[in-house]
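Student: coordinates for the following, if possible.
(one chain, ligands or ions: 1)
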Amino acid sequence: MADKKQKEVVKQVLQKHQHDKALLVDVLQDIQAEIGYLPKEVLVETSKGLGVPVSRVYSVATFFKAFSLTPRGRNLINVCMGTACHVRGSVKVLEQIEKELKIKAGETTPDLKYTLETVNCVGSCALGPMVIVGEDYHGEMTPEKVVSVLANYK
Ligand code: FES
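Tutor: This is a model prediction of the structure:
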């Protein structure tokens, strides 16, 4: 069962979009913006509210990489794995982060401090390997440098 706050968020977002089934992606985006992720109970609530099968809501929520069905960390780390960054050593940078945070790409630390993801080319190839934390771009990353960069994010 979705808790009271989650139910209220779903209700408000559905009202905003006038319960339009065609706007399912927008609905999920807005709900995630409010709650931080899309808990299973919220998908069920959305399905009921919109009158679409829960399987459809679930498939949309899992299809788009921007949606998360598990809680996200306060700091989203994206390691660029595009060709240019790859050639310049992004795999080693990613491995260092995984070792440091004790999580794999796609996971969140248990204290919800960091979520680690990979991304393909963020358009700053000349500065690779690129690591993006939140809105901040960090170029020419090395396994050594990345540990101190992460320490700046609480
Ligand atoms: S490949 Fe990483 S920024 Fe282009």
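Student: run a quick neighbour tally on Ser59.
Tutor: As a burial measure, Ser59 scores 10 neighbours (other C-beta atoms under 10 Å). Where you see a C-beta, it was placed from the backbone N, CA and C, and this is true even at glycine.
Student: what's the answer for Asp20, then?
Tutor: Asp20: 12 surrounding residues under other C-beta under 10 Å.
Student: report pLDDT for Leu43.
Tutor: We have a pLDDT of 97 for Leu43.
Student: wait, His19
Tutor: Per-residue confidence (pLDDT) for His19: 96.
Student: regarding it, what is its secondary structure?
Tutor: Using DSSP: H, G, I helix; E, B strand; the rest coil, the structure places His19 in coil.
Student: what's the answer for the one 3 residues further on, then?
Tutor: Applying three-state DSSP to Ala22 yields a three-state assignment of helix.
Student: same deal with Glu95?
Tutor: Following three-state DSSP, we place Glu95 in the helix state.
Student: phi, psi for the closest residue to it other than its chain neighbours please.
Tutor: Sequence neighbours aside, Pro143 is the residue nearest to Glu95 in space, at 7.3 Å (criterion: C-beta to C-beta, 6 or more residues apart in numbering). The phi/psi pair for Pro143 (degrees, to the nearest 10) reads phi -60, psi -30.
Student: these two touch, right, Pro143 and Val93?
Tutor: Yes. Pro143 lies in contact with Val93 (C-beta atoms under 8 Å); the separation is 5.7 Å.
Student: neighbour count winner among the two?
Tutor: Neighbour count, other C-beta under 10 Å: between Pro143 and Val93, Val93 has more, with 25 against 17.
Student: for the residue nearest to Glu95, which residues are in contact?
Tutor: Residues near Pro143 by C-beta atoms under 8 Å, 6 or more residues apart in numbering: 92-93, 95-96.
Student: could you pull up the residues touching whatever residue of the chain ends up closest to the ligand?
Tutor: Scanning the chain for the residue nearest the ligand gives Gly82, at 2.5 Å (criterion: C-beta to the nearest ligand atom). Listed by C-beta under 8 Å, 6+ apart, the contact set of Gly82 reads 119-122, 125, 128.
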